[in-house]
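S.K.: after the sequence you'll find the predicted model.
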Amino acid sequence: MVFLAPGCGRMAVIAGKKVGKAVQRNRARRVLRAAWPQALGDTAAVDAVLIARRGILGAKTQDLVSEMSELVGGAGR
């Protein structure tokens with residue numbers, strides 16, 4: 001889940017206990033943080049809140065980049 005607002009490019013990543021135990025939550029946040037710059041591009045001026053859901057378990061960064069790009073669309077470009 002992604003929430004966007006006009007801003008200066010800040011990002012927050014949230015993974016609740018429904019995602020899994022601490023190891024799974026930390027991995028979910030790491031994967032989201034790695035995929036976000038690739039999905040958004042260079043010239044994005046948006047603030048974002050990325051929320052991890054249980055479906056992210058087992059996903060790789062490359063899997064998320066295309067999905068995030070679709071979610072964001074043309075925002076910030």
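M.R.: Good, I have the coordinates. Numbers count the residues shown, from 1 in each chain.

S.K.: hey, let's count contacts and neighbours off CA atoms from now on
M.R.: Will do.

S.K.: tell me where the chain has strands.
M.R.: 2-6, 11-15, 46-52 (DSSP state E).

S.K.: can you put those strands in JSON lines and add mean neighbour count?
M.R.: Output for these, formatted as JSON lines (neighbours: other C-alpha atoms under 10 Å):
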{"stretch": "strand 2-6", "mean neighbour count": "14"}
{"stretch": "strand 11-15", "mean neighbour count": "15"}
{"stretch": "strand 46-52", "mean neighbour count": "18"}
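
S.K.: can you tell me what sits against stretch 31-43?
M.R.: Stretch 31-43 is contacted from outside by 13, 50, 52, 60-62, 64-66, 68-69, 72, 76-77, using C-alpha atoms under 8 Å, 6 or more residues apart in numbering.

S.K.: list buried residues within the residues you listed.
M.R.: With neighbours counted by 16 or more other C-alpha atoms under 10 Å, the contacts of stretch 31-43 contain buried members at 50, 52, 61, 64-65, 68-69, 72, 76.

S.K.: next, format the strands of the chain as CSV and append distance to L40 and mean pLDDT.
M.R.: What follows is these, written out as CSV (distance: least, C-alpha to C-alpha, whole Å; pLDDT from 0 to 100):
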stretch, distance to L40, mean pLDDT
strand 2-6, 11, 88
strand 11-15, 11, 94
strand 46-52, 9, 91
